[in-house]
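Novice: What shape does this take:
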Amino acid sequence: MLVLAQRSFLVGPVSFQGPCASGRITVQVQGKIMAPPSTAVSTCSNYWLMFTRVDGLRVTGNGVLDGNGQSWWIRRCSDVALKLVGCSNLEVSQLSSKDSPQMYIAIIESSAVNVWGLTITAPGSSPNTDGIHIERSQNVQITNSRIGTGDDCISISSGSRFVSVDGIECGPGHGGGQGYAKSISFTNIAFDNVDNPVVIDQFYRDRSFEAAVVISNITHTNLKGTSSRPTAVAFDCSNGGSCTDIHVNSLMITGSGGRQTVARCRNAQVTTTGQVYPEIPCRS
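Specialist: Alright, predicted model coming up:
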């Protein structure tokens, strides 16, 4: 399916459902696909464009998905711009997406997923506009993309395994969640005047969750750059012993112009190796 270049198409909520006879389905977006304003839709549908059980799907092109989000954010609908459910051997690449009604791309119950070369933009004030959301999926690679939203750049939810994220320009954005997160590594990351470069926060509340996310086996390696705030590293953990095996291997984050920075640490078990600045105060 080809969306022609230099053309704009107004498209309401639409669902494509497999399985398909062909082993490879390509959707080539060269023009612009625009969502209708929320005033033109009577009910929220939870998706704008959705593909279900389409194996070998490739969604690509130099075009734009314009979610017309300014009208949707007032209604607080949970419409995902591009929802991919139960797909395998999936590729989403090279697209630009702006002003999604809610999440931009949701990949659910899918496997062998390759996402690369995306440009995702929304104001920092836009509600719950996660860039890429991964849920109950495995073997997912997300690379070489620029993501700036009002919520998570990339969110990884329950039941997800073997997710690799590399070469991402992220911000604005922030996050939240519940459950547990373990065996995660942050490697070779450069910060440029970032508000919160290195954070583990078990007290973050995106909703009214009571229990903290259980954190274990988290590794930070070769992180460097500048922080816009005096606190460059913050490990804020609850006192229930649910924040363990935090490793910092080579970290150098100063303030702009070489200003001093500090690290804050509460109830975290941290080990450090190599040169680490600012000094982590609660090393094991």
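Novice: Please make it C-alpha for all contacts and neighbour counts, starting now.
Specialist: Noted.
Novice: any weak-confidence spans in the stretch 151-284 of the chain?
Specialist: Across the stretch 151-284 of the chain, the ranges flagged by pLDDT under 70 are 174-175, 177-178, 204-212, 283-284.
Novice: What segments of it are strands?
Specialist: With DSSP state E, counting those that start in this stretch as the criterion, the stretch 151-284 of the chain has strands at 154-156, 161-170, 180-194, 198-201, 214-227, 231-236, 243-255, 262-266, 270-277.
Novice: can you tell me which residues contact the most centrally placed residue in the chain?
Specialist: Nearest to the mean C-alpha position of the chain, by C-alpha atoms, centre = their mean, lies Ile154 at 0.8 Å. By C-alpha atoms under 8 Å, 6 or more residues apart in numbering, the contact set of Ile154 is 130-134.
Novice: pLDDT score for the closest residue to it other than its chain neighbours?
Specialist: Distance criterion C-alpha to C-alpha, 6 or more residues apart in numbering; nearest residue to Ile154, sequence neighbours excluded, is Ile132 at 4.8 Å. In the predicted model, Ile132 carries a pLDDT score of 96.
Novice: beta partners for Ile132?
Specialist: Ile105, Ile154 (DSSP bridges).
Novice: That one contacts Ile108, doesn't it?
Specialist: No: in this structure Ile132 lies outside contact range of Ile108 using C-alpha atoms under 8 Å: 10.8 Å.
Novice: what's the overlap in contacts for the two?
Specialist: By C-alpha under 8 Å, 6+ apart, no residue touches both Ile132 and Ile108.
Novice: For Trp73, give me phi and psi.
Specialist: Here is the backbone geometry of Trp73 (degrees, to the nearest 10): phi -60, psi -30.
Novice: Contacts only, for Gly18.
Specialist: 51-55.
Novice: Val248 now?
Specialist: Val248 touches 219-221, 270-273, 276, counting by C-alpha under 8 Å, 6+ apart.
Novice: Report the backbone C-alpha coordinates of the helix or strand containing Arg58 in CSV.
Specialist: Assessed by DSSP states H and E, Arg58 sits inside strand 57-60. Extracted in CSV, the C-alpha atoms of strand 57-60 (Å, rounded to 0.1, in the frame of the first residue of the first chain):
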residue,chain,number,x,y,z
LEU,A,57,4.7,-6.2,8.1
ARG,A,58,6.8,-3.3,7.1
VAL,A,59,5.6,0.3,7.7
THR,A,60,8.1,2.7,6.2
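Novice: Which strands or helices does it pack on?
Specialist: Judged by 3 or more C-alpha pairs under 8 Å, 6 or more residues apart in numbering; DSSP states H and E, the packing partners of strand 57-60 are strand 25-29, strand 88-93.
Novice: And the chain, split by domain according to the record?
Specialist: Annotated domains of the chain cover 1-175, 178-284 [automatic domain parsing].
Novice: Which of these has the highest mean neighbour count?
Specialist: Mean neighbour count, computed with mean count of other C-alpha atoms under 10 Å, is highest for domain 1-175 among the domains of the chain, reaching a mean of 19.
Novice: Work out the gap between that domain and the centre of the chain.
Specialist: Centroid separation for domain 1-175 versus its chain: 11 Å, with C-alpha atoms, centre = their mean, to the nearest Å.
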